[in-house]
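Peer 1: just to be clear, the model below is a prediction. Sequence and coordinates:
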Amino acid sequence: MESSSPAVPFPLLQTPIETTYRACTIPYRFASDNPRKATPVEIQWIDLFLNSVPSFRQRAENDPTVADAPAKAEKFAQRYTAILEELKKNPESNGGPPDCILLCRIREVILRELGFFDIFKKVKDEENAKAMTLFEGVVKLNDSIEDELKRAENLIRGILAGNIFDLGSAQLAEVFARDGMSFLASCQNLVSRPWVIDDLDAFKLKWTQKTYQKAVIFVDNSGADVILGILPFARELLRRGTKVILAANDLPSINDVTYPELLEIVSKLKDENGQLAGVDASDLLVANSGNDLPVIDLTSVSPELAFMSNDADLVILEGMGRAIETNLYAQMKCDSIKIGMVKHSEVAQFLGGRLYDCVFKFTVV
């Protein structure tokens, strides 16, 4: 369902939203800071976005859907760089003070104004096709684990391993362009536990005690992330009798999966009986989150998603942008999981962890 109505707050956010929720985990500045002088944290994050400009320009100049793409890609790089440099000099300019939502929003606005609507389309399509051929094997591997708790842990590790396919990270974009990424190798190579935030044991205990009625999962990247990480976990929830809503972006942003793309993926993976590798998928729904960024402000989701989520008893936010950078401390009215891999050294530093560390935050209400 395309979302055309005005956005509404996500109904499972703890109220009053005005005092309990802010879509920014890392404080870029405090009330005592000089409003006209960029803080060290603001400069650090502006530099992070500056470092990603070359990889975005390269994607844009190779966009076959845009006439004169190289010249327009150069224009994007110049415009975005100029705004970021201006924010360093005057943090109140360009809608500031900056946070990661504003920095992402400005980048998307400039790209779209120049006619670039989906510069990662080619790589998303390639990675989705590749991951779909591996889906059955990954599911069989999970199904072969008879111990319920070991299987649950393996599925969680799969989500974390899949989450490495993130082309918004300049470093990972470079690695991906050079070497590609192997899902199974990523599963083997996750950093050792305990992770920087590690509630996995508490979750496993709850897993044995409770079957959730309805779960809402805010998904992240295309390819291995959604197909080999999220979907096997969603399938396990379905098998346990949980209704599952997968909430995906309305519009393209980086290599995040969009609502139309996810509908197509799920449709292709289901067999003629509507099953997902032998599990009835009639209780699996795909929803348009109303979002168009790689991060998310939960005060602004589509009315359709809000309506569908109203009676959910588990909310899962996945990925560095949604789960860690904007919603790590978001309080829900029901149980919640924030899960993702730390792919920016600035986030690792804030959390007191390692680069490529894992976050698994499980909160019981």
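Peer 2: Received it, and whenever you're ready, just let me know what you need.

Peer 1: going by C-alpha atoms from here, please, whenever you check contacts or count neighbours.
Peer 2: Noted.

Peer 1: please enumerate the helices of the stretch 251-365 of the chain.
Peer 2: In the stretch 251-365 of the chain, the helices defined using DSSP state H, counting those that start in this stretch lie at 259-269, 303-309, 345-351.

Peer 1: closest to T81 out of those helices?
Peer 2: Closest to T81 of the helices of the stretch 251-365 of the chain, according to CA to CA: helix 345-351, at 19.8 Å.

Peer 1: poorly predicted segments of the stretch 51-200 of the chain, please.
Peer 2: Within the stretch 51-200 of the chain, the ranges that satisfy pLDDT under 70 run 166-181.

Peer 1: now the helices for it?
Peer 2: For the stretch 51-200 of the chain, helices defined by DSSP H, counting those that start in this stretch occupy the ranges 53-61, 69-89, 100-113, 121-143, 148-162, 170-179, 183-188, 200-209.

Peer 1: what sits against the residue most central in space within the chain?
Peer 2: Centroid check for the chain by CA atoms, centre = their mean gives D220 as the closest residue, at 3.0 Å. Residues in contact with D220, defined by CA atoms under 8 Å, 6 or more residues apart in numbering, are N163, V226, A248, D256, V257, P294, E318, G319, R322.

Peer 1: got it, and M132?
Peer 2: Residues in contact with M132 (CA under 8 Å, 6+ apart) are I227, I265, L269.

Peer 1: need those in JSON lines with distance to R112, can you?
Peer 2: Output for these, formatted as JSON lines (distance: CA to CA, whole Å):
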{"residue": "I227", "distance to R112": "27"}
{"residue": "I265", "distance to R112": "25"}
{"residue": "L269", "distance to R112": "31"}
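
Peer 1: quick check, nearest of the residues you listed to D357?
Peer 2: Distance to D357, by CA to CA, is smallest for I227 among the contacts of M132, at 21.5 Å.

Peer 1: on that earlier part again, of the contacts of M132, closest to K343?
Peer 2: Distances from K343 to the contacts of M132, taken as CA to CA, are shortest for I227 (19.9 Å).

Peer 1: now that closest one: closest residue in space that isn't a chain neighbour?
Peer 2: Residue nearest to I227 in three dimensions, not counting chain neighbours: A131, with 6.2 Å by CA to CA, 6 or more residues apart in numbering.

Peer 1: before we move on, the earlier item: by neighbours, which of the contacts of M132 wins?
Peer 2: Neighbour counts for these peak at I227, which has 28 neighbours (criterion: other CA atoms under 10 Å).
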